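S.K.: A structural model of the following input is requested.
(one chain, ligands or ions: 1)
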Amino acid sequence: MEISQTTFAKFDLPVLPFSLDALEPHVSKATLKVHFDKHHRSYVSNLNQEIKESQLTVYTLEDLLQNASRYTDAIRNNGGGHYNHNLFWSILSPEATKPKNKLLHHIVATFKSLDSFKDQFKRTATSHFGSSWAWLVYSNQNELRICSTPNQDNPMMDVSDIRGYPLLGLDLWEHAYYLDYQNRKDEYIESFWQIIDWNEVSNRHKDARRIYKS
Ligand code: MN
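M.R.: Residues are numbered from 1 along each chain as shown. Below you'll find the predicted structure:
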């Protein structure tokens, strides 16, 4: 994508698909309020500001991320922040579901069992030092992979070691859990399994299969 001076696209904070207290006791209303209304909002406003100042033509958020190496750190960090939080809210639900059908089969074929997948995901999530995200990724090699990325990076970015389409992501910044769990990051990660809408993760798995045509 070439830098142009003709168009300015504006991104918006999404509407949360549940009320601020809907994920309690796993995520408190206080945590969700500051996380969504302060942190996510600032990624969106900083992204819009940077796009305006850089006079970029932006087609989609995905375009920005896929070409992250060509943009400023502010675009990478805030664009990633906006995408990652959109994804995060979309896969959370007070009505947790279970993985099934093609997604479940793919997870079991790759990681041997759902429990084994969760163990590996937890190991990756706990071992990343500093602010990060842990991911289940549909890689551009048509494989399911678990990885973590620093800051607000994600596997869609051209700077990521593992490239692909993120299916499920867990925010491991302290702002996501510190009010509720303090230093007990393990408990925060465990609680994540109680509030995942696997139907949405399945939708993303379907999207990824279409993107990579497996
Ligand atoms: Mn966050």
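S.K.: switch to C-alpha atoms for all contacts and neighbour counts from now on
M.R.: Fine.
S.K.: Which residue lies nearest the spatial centre of this protein?
M.R.: Residue closest to the mean C-alpha point of the chain, counted by C-alpha atoms, centre = their mean, is residue 84 at 3.4 Å.
S.K.: Surely it forms part of a helix?
M.R.: Yes: judged by DSSP: H, G, I helix; E, B strand; the rest coil, residue 84 forms part of a helix.
S.K.: So it is in contact with residue 155, correct?
M.R.: No: contact criterion C-alpha atoms under 8 Å: residue 84 and residue 155 do not qualify, at 10.3 Å.
S.K.: hang on, the earlier thing: tell me the pLDDT at the residue nearest to the centre of the chain?
M.R.: Residue 84 carries a pLDDT value of 98.
S.K.: Report the contact partners of it.
M.R.: Neighbour list for residue 84: 152, 154, 169 [criterion: C-alpha atoms under 8 Å, 6 or more residues apart in numbering].
S.K.: filter the residues you listed to the buried ones?
M.R.: Buried members of the contacts of residue 84, counted by 16 or more other C-alpha atoms under 10 Å: 152, 154, 169.
S.K.: Filter the contacts of residue 84 down to the ones in strands?
M.R.: residue 169 (DSSP state E).
S.K.: in the protein, which spans are strands?
M.R.: For the chain, the strands defined by DSSP E cover 132-139, 144-150, 164-171.
S.K.: Can you tell me the strand partners of the first one and which way each runs?
M.R.: Strand 132-139 sits in its sheet next to strand 144-150 (antiparallel), strand 164-171 (antiparallel), going by DSSP bridges.
S.K.: Need the ones you listed in CSV (columns: mean pLDDT and distance to residue 30).
M.R.: CSV is the format used below for those (pLDDT from 0 to 100; distance: least, C-alpha to C-alpha, whole Å):
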stretch, mean pLDDT, distance to residue 30
strand 144-150, 98, 25
strand 164-171, 98, 16
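S.K.: So which of these is the most surrounded?
M.R.: Comparing these by mean neighbour count (mean count of other C-alpha atoms under 10 Å), strand 164-171 ranks first with a mean of 24.
S.K.: How far does that strand sit from its chain's centre?
M.R.: Relative to the chain's own centre, strand 164-171 is displaced by 5 Å; criterion: C-alpha atoms, centre = their mean, to the nearest Å.
S.K.: hey, where'd the helices end up in the chain?
M.R.: 29-34, 41-54, 61-66, 73-91, 101-111, 114-127, 178-181, 185-192, 198-212 (DSSP state H).
S.K.: what's the closest of those helices to residue 143?
M.R.: Closest to residue 143 of the helices of the chain is helix 101-111 (C-alpha to C-alpha; 7.9 Å).
S.K.: and that closest one, what other elements does it pack with?
M.R.: With contacts taken as 3 or more C-alpha pairs under 8 Å, 6 or more residues apart in numbering; DSSP states H and E, helix 101-111 sits against helix 114-127, strand 144-150, helix 198-212.
S.K.: one more time with 6 Å, if that's ok
M.R.: Using 3 or more C-alpha pairs under 6 Å, 6 or more residues apart in numbering; DSSP states H and E as the contact test, no helix or strand touches helix 101-111.
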